[in-house]
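Participant: sequence isn't available, so here's the structure alone:
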Ligand SMILES: Cc1cc2nc3c(=O)[nH]c(=O)nc-3n(C[C@H](O)[C@H](O)[C@H](O)COP(=O)(O)OP(=O)(O)OC[C@H]3O[C@@H](n4cnc5c(N)ncnc54)[C@H](O)[C@@H]3O)c2cc1C
Ligand SMILES: Nc1ncnc2c1ncn2[C@@H]1O[C@H](COP(=O)(O)O)[C@@H](O)[C@H]1O
């Protein structure tokens, strides 16, 4: 089974905080990590390879330093990785990102399965996987929490929904997006770390993947961000005073007066 | 094309601080943008000198797309048998306002096997209901539904299509948007119409709620968005409403490559967190599983659901299905009582839109108090039993 896992490098999640004085984002460090959901996608790929044989590759679109994320994936058992990086890709929305990734996938040798994370920490949309499946003309299922089996060119899996889960079966090749209940990402092995250190990550440009210039980066992005702002938290908050008994009875009185309880 | 720093730049460094990607440096008194900039726009927004310009090329409209032909606001109504997903009602309420601002119609689009009664949708504000009934649509198969929705959109050309950001909506809408080569904004928490151009302004949280972004789709149609459940209120029911019902005969091929073998309902004990009017949530401050019992007792008393911070779920005091926050559930109850929860940004991301928030924490500087309407600074182990007995008295149970 030949697997491609799509990973994105994102700013280290815990680094993002709001400075209460200026109400702007502050970072403790410039750390970047593999998007947490994508770490589960990588683990799924490696585990499937261990079970069914074949290969597992990672693909990432991002700036040159995203090759670090690819090396991290190699350290936990991925065979090789490819970085698609070009100034022309900057400003891509989900349509342009999914188009670009699908162009790169077409360039790669045959594959049976593409695994994406449920969503990214920064983009936070979860759209790239399903949109990519559409560009490639293959089926897509989302929110996979358990892979039951792969047999005769079909995958059977459990998909998380609001009320519980669905058991679905679909032919490969397909795109799946995974949630974190699926597995526990492993730590790198010594051998993996050595492989990562030695790994050369090929970098593909827009030209290399034969991408249509009008469908990548800003030119290929129908959506624009027109404004960004830090959320305002305007609350007229009341902190009750006095002995605990008094605070509690004041609270109950308020809730009663507002008709909440 | 791309980002430009103009001569107005005074090298103050505000942009450096706000850039989520650490992609700006100050060199010799001027901001310099590095190659890994994603053009997110946070810097341009923050720049006091208006020295940062993000230049956009026009996006080519899809061939033969005449924007003026696309009219009306559509809400995709997610049905489960004869039930309606609450977010669909919320969207009809919000869609009504958008349609009024655009002086156009609000339509509901319903896919199903025909058993669903659509009259109710008029009473919730729809002018028209498009109903495509087909036996294959009964199971809410995401592939078949995206084909059907695509056919309806191509035939009737709405300018705006909204759906709930549910597991269903977040799967079907990207498939449809990718085929139409139009934009789709995920998980919006705010919608409005731009007065000048009549564009849909789609506001959504990114970076786990740390940054809000307003997004438009100026050149392609329809403008599509999925909207987070429980952010908008359900509209009042207007009993007298009537409207036009259009039965859509689907002509296209409705096949799916995905077979649904089973759908297993696995509701957590007690009430479903997302639908609860009252949530009592506990954090690490409760100290232990035993401490957490107070939270469960208070929830029972208030006929509410039990929520938890990730710290508590990681400790194993309650299952993951109770986790509220960025990597848990997003909730918007009438009352959220946070007990011994610090209010980390990832937790706030899942509950800060609740109508009323009560915080109980012994640290007066805990960030949870920034979003609370009512706060008690004290020990949860002391305050909760008092609150429980006080409420019992209130309810005449003591
Ligand atoms: C990528 C990522 C995703 C995350 N997603 C989520 C998420 O979805 N949901 C989530 O909740 N967290 C999430 N977190 C974790 C989050 O950052 C916090 O670590 C977590 O919310 C803290 O839980 P807590 O408030 O219960 O614990 P703590 O931060 O330990 O806070 C305990 C609080 O209890 C108070 N306290 C202690 N003893 C008492 C007492 N006796 N009486 C009264 N008060 C007391 C303390 O003052 C403190 O404020 C995420 C983190 C990351 C990095
Ligand atoms: N730039 C990228 N490079 C590789 N994979 C990506 C990229 N952006 C998104 N993905 C994949 O698509 C998933 C959903 O991303 P998003 O739609 O941004 O929430 C991620 O979890 C990744 O698996």
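Facilitator: Right, received. Where do you want to start? Note that the coordinates shown come from a computational prediction; the quantities given were computed from them, not determined experimentally. Residues are numbered from 1 along each chain as shown, chains lettered A, B, ... in the order given. Ligands and ions are numbered 1, 2, ... in the order given.
Participant: wait, what's in contact with residue 81?
Facilitator: Assuming you mean chain A. A:57, A:58, A:59, A:60, A:67, A:70, A:71, A:73, A:74, A:199, A:201 (C-beta atoms under 8 Å, 6 or more residues apart in numbering or on different chains). For glycine as for every other residue, the C-beta is placed from the backbone atoms N, C-alpha and C.
Participant: actually chain B
Facilitator: Residue B:81 makes contacts with B:115, B:116, as judged by C-beta under 8 Å, 6+ apart.
Participant: just give me the neighbour total for whichever residue of the stretch 101-250 of chain A sits closest to ligand 2.
Facilitator: The nearest approach of the stretch 101-250 of chain A to ligand 2 comes at residue A:117, 2.6 Å away (C-beta to the nearest ligand atom). For residue A:117, the count of nearby residues is 27 (other C-beta atoms under 10 Å in any protein chain shown).
Participant: again, but for residue A:52
Facilitator: A count of nearby residues for residue A:52, using other C-beta under 10 Å, gives 14.
Participant: now, the contacts of residue A:81 that are in helices?
Facilitator: Residues of the contacts of residue A:81 located in helices (DSSP state H): A:67, A:70, A:71, A:73, A:74.
Participant: ok, and the most crowded of these?
Facilitator: For the ones in helices among the contacts of residue A:81, the largest number of neighbours (other C-beta under 10 Å) sits with residue A:73, at 32 neighbours.
Participant: quick check: residue B:261 touching residue A:156?
Facilitator: Yes: between residue B:261 and residue A:156 there is a contact at 7.3 Å, judged by C-beta atoms under 8 Å.
Participant: residue contacts, the closest residue to residue A:110 other than its chain neighbours?
Facilitator: Spatially, and ignoring its direct neighbours in sequence, residue A:110 is nearest to residue A:2 (6.4 Å; C-beta to C-beta, 6 or more residues apart in numbering or on different chains). Listed by C-beta under 8 Å, 6+ apart, the contact set of residue A:2 reads A:54, A:55, A:56, A:57, A:109, A:110, A:111, A:112, A:113.
Participant: in contact with the fourth one, which residues are there?
Facilitator: To tie it back to what came earlier, the one meant is residue A:57. Residue A:57 sits in contact with A:2, A:3, A:4, A:5, A:78, A:79, A:80, A:81, A:82, A:108, where contact means C-beta under 8 Å, 6+ apart.
Participant: helices along the chain, start to end?
Facilitator: Went with chain A since none was named. A:36-52, A:67-75, A:94-107, A:128-136, A:190-198, A:244-257.
Participant: look at chain B instead
Facilitator: Counting by DSSP H, the helices of chain B are B:14-18, B:42-46, B:86-102, B:119-123, B:142-156, B:169-180, B:289-301, B:310-315, B:345-351, B:368-371, B:380-394.
Participant: list the buried residues of the fifth one.
Facilitator: Taking 16 or more other C-beta atoms under 10 Å in any protein chain shown as the neighbour-count basis, helix B:142-156 is seen to contain the buried residues B:142-153, B:156.
Participant: need the residues you listed in JSON lines with distance to residue A:181 and pLDDT, can you?
Facilitator: JSON lines is the format used below for the buried residues of helix B:142-156 (distance: C-beta to C-beta, whole Å; pLDDT from 0 to 100):
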{"residue": "B:142", "distance to residue A:181": "20", "pLDDT": "94"}
{"residue": "B:143", "distance to residue A:181": "24", "pLDDT": "94"}
{"residue": "B:144", "distance to residue A:181": "27", "pLDDT": "95"}
{"residue": "B:145", "distance to residue A:181": "25", "pLDDT": "96"}
{"residue": "B:146", "distance to residue A:181": "25", "pLDDT": "95"}
{"residue": "B:147", "distance to residue A:181": "30", "pLDDT": "95"}
{"residue": "B:148", "distance to residue A:181": "30", "pLDDT": "96"}
{"residue": "B:149", "distance to residue A:181": "29", "pLDDT": "97"}
{"residue": "B:150", "distance to residue A:181": "31", "pLDDT": "95"}
{"residue": "B:151", "distance to residue A:181": "35", "pLDDT": "95"}
{"residue": "B:152", "distance to residue A:181": "34", "pLDDT": "96"}
{"residue": "B:153", "distance to residue A:181": "34", "pLDDT": "96"}
{"residue": "B:156", "distance to residue A:181": "39", "pLDDT": "96"}
